[in-house]
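*Asks:* no sequence for this one, just the structure:
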């Protein structure tokens, strides 16, 4: 598979994932394989990972005083 390497090694060890931003609140990446799949044949699998930010809005009438 060709393309961007989304796993970025951290100086302190480990790694982080560099997703492609689509909007201010949504990022995505596509990767080959799937370690967590229940399929026995993993050939040709594509993993889709995304991150989204959703504002936390609580209705004031539901708050306990």
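*Replies:* That came through fine. Here the structure is a predicted model, which means the values were calculated and not measured.
*Asks:* count of residues packed around the residue nearest to residue 47 when sequence neighbours are not counted?
*Replies:* Among residues not flanking residue 47 along the chain, residue 31 sits closest, at 4.5 Å (Cβ to Cβ, 6 or more residues apart in numbering). Heads up, the C-betas are built off the backbone N, CA and C, glycines and all. By other Cβ atoms under 10 Å, the residues close to residue 31 number 15.
*Asks:* measure residue 31 to residue 21 for me?
*Replies:* 17 Å (Cβ to Cβ, to the nearest Å).
*Asks:* still on that earlier bit, give me every residue that touches the residue nearest to residue 47.
*Replies:* Taking Cβ atoms under 8 Å, 6 or more residues apart in numbering, we find residue 31 in contact with 6, 46-47, 49.
*Asks:* Just to be sure, residue 61 is in a helix?
*Replies:* Yes: the assignment for residue 61 is a helix, going by DSSP: H, G, I helix; E, B strand; the rest coil.
*Asks:* picking up where we left off before, now, which of the contacts of residue 31 sits nearest residue 37?
*Replies:* The shortest approach to residue 37 among these belongs to residue 47, at 8.4 Å (Cβ to Cβ).
*Asks:* which residues does that closest one contact?
*Replies:* When contacts are counted by Cβ under 8 Å, 6+ apart, residue 47 touches 30-34.
*Asks:* Where does residue 22 sit: helix, strand or coil?
*Replies:* Taking three-state DSSP as the rule, one finds residue 22 in the strand state.
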